[in-house]
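Here is a sequence together with a model predicted from it:
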Amino acid sequence: MDYKALAERLLPGNYPDLQSYEAKYPPRDLPEKAEVTRLAPSPTGFIHLGNLFAAIANERVAHRSGGILYLRIEDTDLKRKVDGAVEAVKNALHYFDIDFDEGAEIGGDETYGPWYQRQRAEIYRAFVKHLIEEGRAYPCFCTEEELTALREEQTAKKETTGYYGKYAKCRDLSEEEIYRNLDEGKPFVIRLRSLGDPSNKIKFRDAVKGEITVTENDQDVVILKSDGIPTYHFAHAIDDHFMRTTLVIRGEEWLASLPIHLELFDALGFKRPRYGHNCSLMKQDGETRRKLSKRKDPELSLEFYRKEGYYARAVKVYILTLLNSNFEEWYLKNPDADLNEFPFKVEKMSKSGTLFDLDKLKDISKNELSKLSAEEMLDFLKAWADEYGTDAQRGYFADREKMLRVLTLCMGIGGKKRRKDFTTASQAMQFIEYFFERPASYEDYRFGAEERRGILRDFLACYDPADDAQVWFSKLKQIASAHGFAAEMKDYKAAPENFKGSVSDVAEILRIATTGKANTPDLWTIQQILGEEETRARVGEAISAQA
Ligand code: GLU
């Protein structure tokens, strides 16, 4: 068969000499060990936790080695395109301190762009044409119906599905048949003529998993679709080569495509990048471990962390703990260090399933947040509220001084020990709600309405906002005595049967009346922050409330 003539018929016109692309996209001028890594999402805008794991690994490897991290948009499948997706991906990653050096909507060195695959049509076609000329690719005229029938037949026979070997109907069409189909104007795709044999097992060195065995590809995969757009597999091989990618860290779900990718690189005569496949994220579900699922587990979506207001550094600390076995030890020694100082290593990545535990992340979050200053906490909460909070919550920031006092108190700043009550921004905003809103309900007072009202009335009678904490407390003691509660804890402990309760129960009643809650930081300070008018109004409301 005259493959050259066939190539000309299928993809007419002059394409640049293939070597010219080598010159156009020259090897990068980087230090010897520098790694060029990438993220190559499709433009759905959905990016999940697994992508974040891969992104952190790729980013760390690139930047620790003096290399490049770039963003390529794999938009060969238009059905999956969502407006604003690239911005969404960039923002989602930026939140976790992952910034690209080059790529779609980034700017930077344009040498290796464009970064949208749809804008790179010519180069893909040039290489497809070359493969046809070499007899390594051929036109396939099978219709959707024929392919469905084939799949059904294979499934019924319990055979591997796909277009391969004896099932690859168009692989060996005669020259006449091909030209007749073309003359009839039948639509066609271009398929790779695979030379692989699935009985061959190849040893492959995965950068993460170490040595693994993969089955040689024998699928005649589509490389160019009928609309002249390449498939992901083909475009990714061309792009990783000409964007001079040295290492691809991606999710384990791509391992199944690896044999195809290996064959494509070989067919194109390109040196392969190194591949590292990151383990799937697992979740403990009762007795069993299962993969995190998009349907069942909201924590798989990165949006979840933004909406809940997880602190980016905490998420990163947890992911690094799971990504590199020696990170935890380093972090314990360097709890406040810039995370970028950690000597991240691909070789230390986990080789088997990674258990993702939201409770562990929460513990890390509490700890990380407890290290912030009141100003830093304010900035963090405000940024969250601006994007995800309610109007009322945004209003909490109107009085900056008040907010700083609230946070100073709630975080235990200046006290003996930092409090660790904040886990996420949304939870912290709820936690501090009572400083800004009157209680809508009251936690259980534990004492009868008459008792409680009497105590609260007595408080209002003697309350003076000019009292310091000690004077304020001595007044509570007097109220305690007057109502049959022990003024001193030691008296109560010695003979509880002689009292209705102690001064701490009196304080609890006042606390619930003021905040709605039985547990809060120091009540005197809370009343100081609320001010006289608000304190009186709240205690007054609590006296008349039914609860
Ligand atoms: N476009 C693929 C994705 O959506 C990229 C896979 C790869 O990294 O090779 O994740």
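Okay, I see it. Numbering: from 1, shown residues only.

Let me see the contact set for residue 427.
Residue 427 makes contact with 308, 309, according to CB atoms under 8 Å, 6 or more residues apart in numbering. Bear in mind the C-beta positions are built from the backbone N, C-alpha and C, glycine included.

Use 111 as the first number from now on
Sure, I'll start counting at 111 from here, so that last one is residue 537.

Tell me the buried residues in the host helix or strand of it?
Following DSSP states H and E, one finds residue 537 within helix 535-541. With burial defined by 16 or more other CB atoms under 10 Å, the residues of helix 535-541 counted as buried are 535, 536, 537, 538, 539, 541.

can you check stretch 329-341 too?
329, 330, 331, 332, 333, 334, 335, 339, 340, 341.

next one: stretch 467-483
For stretch 467-483, by 16+ other CB under 10 Å, it's 471, 472, 474, 475, 476, 478, 479, 480, 482.

could those residues go into JSON lines alongside secondary structure and distance to residue 252?
Listed next are the buried residues of stretch 467-483 as JSON lines, based on DSSP: H, G, I helix; E, B strand; the rest coil; distance: CB to CB, whole Å:
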{"residue": "471", "secondary structure": "helix", "distance to residue 252": "49"}
{"residue": "472", "secondary structure": "helix", "distance to residue 252": "53"}
{"residue": "474", "secondary structure": "helix", "distance to residue 252": "53"}
{"residue": "475", "secondary structure": "helix", "distance to residue 252": "53"}
{"residue": "476", "secondary structure": "helix", "distance to residue 252": "58"}
{"residue": "478", "secondary structure": "helix", "distance to residue 252": "56"}
{"residue": "479", "secondary structure": "helix", "distance to residue 252": "58"}
{"residue": "480", "secondary structure": "coil", "distance to residue 252": "63"}
{"residue": "482", "secondary structure": "coil", "distance to residue 252": "61"}
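
just curious, which of those is nearest to the ligand?
residue 471 (23.7 Å; CB to the nearest ligand atom).

what ranges do the strands span in the stretch 361-510 of the chain?
384-388, 391-395, 398-401, 464-465 (DSSP state E, counting those that start in this stretch).

Out of the ones you listed, flag the one nearest the ligand.
Nearest to the ligand among those is strand 384-388 (8.5 Å), distances taken as CB to the nearest ligand atom.

residues in contact with the residue in the stretch 161-310 of the chain that the ligand sits nearest to?
Closest contact between the stretch 161-310 of the chain and the ligand, by CB to the nearest ligand atom, is at residue 184 (3.6 Å). Residues near residue 184 by CB under 8 Å, 6+ apart: 150, 151, 152, 153, 227, 342, 345, 346.

top of these by neighbour count?
residue 227 (27 neighbours; other CB atoms under 10 Å).

out of everything not next to it in sequence, what's closest to that residue?
residue 345 (4.8 Å; CB to CB, 6 or more residues apart in numbering).

Likewise for residue 141?
Nearest residue to residue 141, sequence neighbours excluded (CB to CB, 6+ apart): residue 176, at 4.9 Å.

Would you confirm that the one you found contacts residue 139?
No. Look at residue 176 against residue 139 with CB atoms under 8 Å: they stay out of range, at 11.6 Å.

Endpoints of stretch 540-548, how far apart?
End-to-end distance for stretch 540-548, by CA to CA, to the nearest Å: 13 Å.

Could you give me the buried positions within that stretch?
Buried positions in stretch 540-548, judged by neighbour count with 16+ other CB under 10 Å: 541, 542, 543, 544, 545, 546.
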